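Chemist: Build me a model from this:
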Amino acid sequence: MTEKQTPASKQAPRFYYYAIAGNIGAGKSSLTTLLAKHYNWKAYFESVDDNPYLSDFYEDMRRWSFNLQIYFLSSRFRSQKKIVGTRQSFIQDRTIYEDVEIFAKNLYQMGLMSKRDFENYSSLFHEMVEFLSPPDLLIYLRADVPTLVRQIQQRGRDYESMIRIEYLEKLNTLYEDWISRYPHEKLIIDTDHLDFVNSKEDLGKVIELIEQRRFGLFS
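Modeler: Numbers count the residues shown, from 1 in each chain. Down below sits the predicted model:
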């Protein structure tokens, strides 16, 4: 054995980074929790309850849109740097890519963020993601608006009661455009007829799809 060769038993363990993407109410947090338990991986969640801008944003989107997006961008950037550095396999609830591709872009298209602010935000985003690695697998939860509305109502967050149907529809359109262009490993799961929270059978279907992609059984 040469000095450059390493016995298989001494090779560094493989760490996985999976991320769950999807619209508001798609079930990202629930699936993150369930998969983390199944794989015995660490789970990292989007900061919502302690977000200092979210309530104000839903009351006055034009006033608070830029502040909210900067908060999400900086929070997710810090989190991703930290969790990748732990060298543990983990699952992340929502990705940093959705910030610019979905939410900030939607606010700009709806006239709720100025062109100046959107360009400034986008420039900052592209500089920051140069320092990050993409997930080993991005799991996109696709759901129609009626499914999103039902699940938003079920969890009963006060500030989400102000979300408009039009807003969810526009986000879904942007999600479909983004996921079609996403250049890295991805898995799209249609969730309208799945209840992976309450049905072990449905959760098993989701895990089976992930395992098939994880071990290269289909592309």
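Chemist: how close does Asp50 get to Phe125?
Modeler: Look at Asp50 and Phe125: by C-beta to C-beta, to the nearest Å, they are 22 Å apart. The way it works is simple: take the backbone N, C-alpha and C, and place the C-beta from them, glycine included.
Chemist: Which of the two has more residues huddled nearby?
Modeler: Using other C-beta atoms under 10 Å as the criterion, Asp50 and Phe125 rank with Phe125 on top: 19 against 7.
Chemist: Quick check: buried residues in the helix or strand in which that one is found?
Modeler: Phe125 belongs to helix 115-129 when assigned by DSSP states H and E. Buried residues in helix 115-129, counted by 16 or more other C-beta atoms under 10 Å: Asp117, Phe118, Tyr121, Ser122, Leu124, Phe125, Met128, Val129.
Chemist: how about TSV for those, with distance to Gln153 and pLDDT added?
Modeler: Listed next are those as TSV, based on distance: C-beta to C-beta, whole Å; pLDDT from 0 to 100:
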residue	distance to Gln153	pLDDT
Asp117	32	95
Phe118	31	96
Tyr121	31	96
Ser122	33	95
Leu124	35	94
Phe125	32	94
Met128	34	92
Val129	34	90
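Chemist: JSON lines please, covering these and showing distance to Asp60.
Modeler: Shown next, in JSON lines, are the buried residues of helix 115-129 (distance: C-beta to C-beta, whole Å):
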{"residue": "Asp117", "distance to Asp60": "15"}
{"residue": "Phe118", "distance to Asp60": "18"}
{"residue": "Tyr121", "distance to Asp60": "18"}
{"residue": "Ser122", "distance to Asp60": "22"}
{"residue": "Leu124", "distance to Asp60": "23"}
{"residue": "Phe125", "distance to Asp60": "23"}
{"residue": "Met128", "distance to Asp60": "27"}
{"residue": "Val129", "distance to Asp60": "29"}
